[in-house]
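Student: got a sequence here, can you model it:
(chains A and B)
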Amino acid sequence: MADCVRRDGVDRLTVVSELPLLVEVVLKAVVVLAAFLTLPLLVGQTEHKVMAHMQGRLGPMEAGGFHGWAQLVADGIKFAQKEDVAPAAADRWVYRLAPAVALLPYLVALAVVPLSASWVAAEVPASLLLVLAVTSVGVLGTLMAGWGSGSKYALLGGMRSAAQLVSYELPLVLAAVSVALAAGSLSLVGIVEQWQWWWLLWQAPGAVVFLAATVAELQRPPFDAPVADAEIVFGPLTEYSGLRFALFLLAEYAGIVVMSLLFAVLFLGGWSGPSADTLGPLWTLLKAFAVAVVIIWFRVAWPRVREDQLQRFAWLVLLPLALLQVALTGVVVVL
Amino acid sequence: MTGLEVLFAAVGLLTAASAVLAVTAHRVLHAALWLVVALGGVAGCYLVLGAELVALVQLLVYVGAVVVLVLFALMLTREGVAAVDTAGPQRLLAGLVALAATVLLGTVLVAALGADRVPVTGASNTEVGAQLLGTWVWPFELLSLLLLAALVAAVAVATHRPPEAGEQVEHPEAELPAPDAETVGEQR
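Tutor: Okay, the predicted model is just below:
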């Protein structure tokens, strides 16, 4: 699937360049892969530091001397050293494939999210829909982990995440629909080209819904009931250790990167800003980084929401709000 | 054969193979996961044929939502790891239905298009949207009404509980009974 999508994007590249197509494609793929491997680590490092400062944690400030810069490296080495264990009751193939299924969709998504009108690895006409579609596939990784581990905690966590993800998918898509409706385009580049500053107010309810649903889709606090460590010992991830667990963590942070970028492009005008022609990509990255910090902040500031509260919030608050936003957008567009 | 034809054949074979595996898998969970591959393969076919929007909606709706629901239902029934146990006559009947559907669809395709090669010109996203909400808007609305009725019925079934049942059953998508709602309100 991923190949088809990428191929399709490559076929329709509109960016004119002097490089031969093959060289250009390889270069872009390498750049996307590099971004995919570094940006999540950057978010992870930020989370360490932001949490350390907000909660007065001393641990993450020790490793490596200055400001504990080596904590992430130490974590990585720890994960790499651990034994790769599969429980006897596990469904081996499902159990082993789950981290890859959780991680890879975000790589595809990152390839189509634009940093500016020309800084986009694969420009496809309906890139918004593509991002939403592939990120919804990543959910299957969590469910496969829940089923494949052969553990009741994993299964319970899997049930919680399935219920949560189905519920929050709807407000998420509706909030995105509102922006697409306002811009009259399914292309992320097209949406930013139409964006104006007063959309910040016009699309504000949609932005709130999108951010809340994003946090829930990523299963981050306060919506982390599926992996609640104090109740069901990390849910679907209970049985994972070493590199496979690290891959799930990487998927979470890659998810933050992709969704923050998407939020910046949809609701904050992406590369709009002073001297957007030259500094455009920088503005997108800065806005996305600010969104990522807010997502991290949520984790520090709020306690976990109970499972039933979580469902009520999705169906009785977010969904009506998203529908209202779509109606409001529709009225303004028609007028 | 052009590159696209080779690609289409490859994706088609992958889809067909995973569909066969989905119905012959020994565990329900594996069947569901092969179904994911088959549905993703169908999306790939649409994509190769140039119907980008349909392909993405297929991915979003079927892989992202329907299969998640299937897996969720499996979790509720605890039958995910159990072996599939289908009676012989049922298998035979299912095979017959599948064969009949194949013959019907094949006949329609051959009757409509004949043996001629038809150039594939995938409709643009705008065209698909205009067709869906213009020409075909009434069937579309009828379908959504059907889904809404199913949803309301599901909520009704889920909230209905026999008076003698003492244990609480979790229904994440259904309305919670009044006492729960009150306690939730207080805790907020």
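Student: hey, let's count contacts and neighbours off CA atoms from now on
Tutor: OK.
Student: need the pLDDT of residue 20.
Tutor: Reading this off chain A. In this prediction, residue A:20 carries a pLDDT score of 77.
Student: oops, wrong one, chain B.
Tutor: Value for residue B:20, per-residue pLDDT: 87.
Student: give me the element it is part of.
Tutor: Element membership for residue B:20 (DSSP states H and E) is helix B:3-24.
Student: what is the subsequent helix or strand relative to that helix?
Tutor: helix B:28-48.
Student: which elements pack onto that following helix?
Tutor: Applying 3 or more CA pairs under 8 Å, 6 or more residues apart in numbering or on different chains; DSSP states H and E, one finds that helix B:28-48 contacts helix A:2-11, helix B:3-24, helix B:52-58, helix B:67-77.
Student: out of those, which is the most enclosed?
Tutor: Highest mean neighbour count among the helices and strands packed on helix B:28-48 (mean count of other CA atoms under 10 Å in any protein chain shown): helix B:52-58, with a mean of 22.
Student: hmm, residue B:72 and residue A:163 touching each other?
Tutor: Yes. Using CA atoms under 8 Å, residue A:163 is in contact with residue B:72, at 7.2 Å.
Student: enumerate the positions of stretch A:205-218 that are buried.
Tutor: A:205-218 (16 or more other CA atoms under 10 Å in any protein chain shown).
Student: pLDDT score for residue B:164?
Tutor: You'll see residue B:164 listed with a pLDDT of 61.
Student: whoops, residue A:207 was the one
Tutor: Value for residue A:207, per-residue pLDDT: 91.
Student: give me the distance between it and residue A:323.
Tutor: Relative to residue A:323, residue A:207 is positioned 13 Å away (criterion: CA to CA, to the nearest Å).
Student: now do residue A:30
Tutor: Using CA to CA, residue A:30 is found at 40 Å from residue A:323.
Student: the two: who's more crowded?
Tutor: residue A:323 (16 against 13; other CA atoms under 10 Å in any protein chain shown).
Student: thought residue A:174 was touching that one, still the case?
Tutor: Yes. Residue A:323 lies in contact with residue A:174 (CA under 8 Å); the separation is 7.0 Å.
Student: and the helices and strands packed on helix B:28-48: which comes nearest residue A:157?
Tutor: For residue A:157, the closest of these is helix B:67-77, at 10.6 Å, according to CA to CA.
Student: from residue A:265, how far out is the most centrally placed residue in chain B?
Tutor: Ranked by distance to the mean C-alpha position of chain B (CA atoms, centre = their mean), the top residue is residue B:62 at 4.7 Å. Here the criterion is CA to CA. By it, residue B:62 lies 26 Å from residue A:265.
Student: check residue A:197 too.
Tutor: 13 Å.
Student: now the strands: where do they sit in the stretch 101-250 of chain A?
Tutor: Remark: no strands are assigned in the stretch 101-250 of chain A by DSSP state E, counting those that start in this stretch.
Student: who has more neighbours out of residue A:197 and residue A:265?
Tutor: Neighbour totals were compared for residue A:197 and residue A:265, and residue A:265 leads with 27 against 12 (other CA under 10 Å).
Student: surely the more buried one and residue A:284 touch.
Tutor: Yes. With the criterion set as CA under 8 Å, residue A:265 and residue A:284 qualify as a contacting pair; they are 7.1 Å apart.
Student: how about residue A:292, what does it touch?
Tutor: Residue A:292 is in contact with A:43, A:256-257, A:260, counting by CA atoms under 8 Å, 6 or more residues apart in numbering or on different chains.
Student: and residue A:43, what does it touch?
Tutor: Per CA under 8 Å, 6+ apart, neighbours of residue A:43: A:253, A:256-257, A:292.
Student: chain B: which of those residues is nearest?
Tutor: Proximity of the contacts of residue A:43 to chain B (CA to the nearest CA) peaks at residue A:256, which lies at 18.6 Å.
Student: grab the nearest non-local neighbour of that closest one.
Tutor: What sits nearest to residue A:256 in space, not counting adjacent residues and going by CA to CA, 6 or more residues apart in numbering or on different chains, is residue A:292, at 6.4 Å.
Student: many thanks, I have nothing further to ask.
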